[in-house]
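Colleague: 3D model of this:
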Amino acid sequence: MEFIAIDVETANPDMASICQIGMASFRSGVVHEEWKTYVNPEDFFDPTLVAIHGIDEGKVSDAPNLPKIAQNLQETLRDKIVICHTHFDRSAVQRAFEKYSLLTPICTWLDTARVARRTWPEFSQRNYGLKNICAKIGYKYLAHDALEDAKAAGMVLLEASRISGFDLSGWLNRVREPIGFPRSDRQEAEPSPTNPEGPLQGETLVFTGALLLPRKEAAQLAAKIGCNVGDGVTKATTILVVGNQDIRRLNGEEKSSKHRKAEELISVGQSIRIIQESDFMKMVESVGAA
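Modeller: Have a look, this model is predicted:
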């Protein structure tokens, strides 16, 4: 199998604020080439994300902005099968190219989280992050470095292919089909408004701030792609969607109580991804059609 694994880190909750890109080219079951660069996002750095990935203004001060590496990315990814773990990296690449009015790389995307959910029953509904799956397959995982995350996603795909017998073409078809693992009796006895086959099934999403979309309609969209929608930020929360105007003020103060609570939980190790409303809508558009 030949494919390219990609991962990005962002400077703030705006998915377009890519500050690091890592790529690994796989051939015949091994890493053939690898590439990593810092990227100047020409945007502010949120302290919560800096604490996670360790990238700040100083590390990108001499780094190229996206337009300077765009042609290389477009040529490298053109007509290739490109994998990433969950939809976030794909969405970030698309949003960053749109930010500069650049042509998004033309390639075929494969989400290894969807692969994992169809390979291991224990990850079919939840806990399908890279850390958990790498522990399952015995791969040493070094989190929050774009290249290491990309290589980990590639290893997940290779092991899933070994177990299932699917090649890349097989997986591209399989991820569009129902997961196929039966839910427990307890889950079947408790009907949920969420789509159990949605690409984000197992995620718990909370909205905060002034949204352009009516909150009820936003919640329905989240449920359609598989998210449980919570009223407040708790230890179950995995995604916080912040109104665009609130995101623009993040370099100052005035964060909502939900936002501050999410950052507190992130600081003690909980995995919560904070994104802005416009990115949420693009995400719904892309993964909902997948």
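
Colleague: what's the distance between the longest helix that the chain contains and the middle of its chain?
Modeller: Determined from DSSP state H, the single longest helix within the chain is helix 146-164. The chain centroid and the centroid of helix 146-164 are separated by 15 Å, computed with CA atoms, centre = their mean, to the nearest Å.

Colleague: Which other helices and strands does that helix contact?
Modeller: Counting by 3 or more CB pairs under 8 Å, 6 or more residues apart in numbering; DSSP states H and E, the packing neighbours recorded for helix 146-164 are strand 2-10, strand 18-27, strand 30-38, strand 81-84, helix 112-117, helix 130-137, helix 168-174. C-beta: built from backbone N, CA, C; applies to glycine.

Colleague: Out of these, which gets nearest to residue 257?
Modeller: Distances from residue 257 to each of the helices and strands packed on helix 146-164 were compared using CB to CB; the shortest belongs to strand 2-10, at 23.4 Å.

Colleague: For that closest one, buried residues please.
Modeller: For strand 2-10, the neighbour count (16 or more other CB atoms under 10 Å) marks 3-10 as buried.

Colleague: Next: stretch 16-31.
Modeller: When burial is assessed from 16+ other CB under 10 Å, stretch 16-31 yields the following buried residues: 16-26.

Colleague: With stretch 193-202 instead?
Modeller: Neighbour-count burial for stretch 193-202 flags 194-196, 198-202 (criterion: 16+ other CB under 10 Å).

Colleague: Could you do stretch 233-241 as well?
Modeller: For stretch 233-241, a neighbour-count test (16+ other CB under 10 Å) marks 233, 237-241 as buried.

Colleague: What of stretch 86-100?
Modeller: For stretch 86-100, a neighbour-count test (16+ other CB under 10 Å) marks 86-97, 99 as buried.

Colleague: Which members of those residues define the maximum pairwise distance?
Modeller: Pairwise distances across the buried residues of stretch 86-100 (CB to CB) peak at 20.7 Å, for the pair 86 and 99.

Colleague: which residues touch residue 150?
Modeller: The neighbours of residue 150, taking CB atoms under 8 Å, 6 or more residues apart in numbering as the test, are 5-7, 22-24, 34, 84.

Colleague: and which of those residues is nearest residue 61?
Modeller: residue 22 (19.5 Å).

Colleague: Residues in a beta bridge with that closest one, which ones?
Modeller: Note on residue 22: beta-bridge partners by DSSP bridges are residue 7, residue 36.

Colleague: For it, give its distance to residue 38.
Modeller: Counting by CB to CB, to the nearest Å, the gap from residue 22 to residue 38 is 10 Å.

Colleague: ok, back up a step: got the buried residues of stretch 193-202 as CSV, with pLDDT, distance to residue 267 and secondary structure columns?
Modeller: As requested, the buried residues of stretch 193-202 are exported to CSV (pLDDT from 0 to 100; distance: CB to CB, whole Å; DSSP: H, G, I helix; E, B strand; the rest coil):
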residue, pLDDT, distance to residue 267, secondary structure
194, 80, 28, coil
195, 85, 32, coil
196, 80, 32, coil
198, 82, 29, coil
199, 84, 28, coil
200, 87, 24, coil
201, 84, 27, coil
202, 85, 23, coil
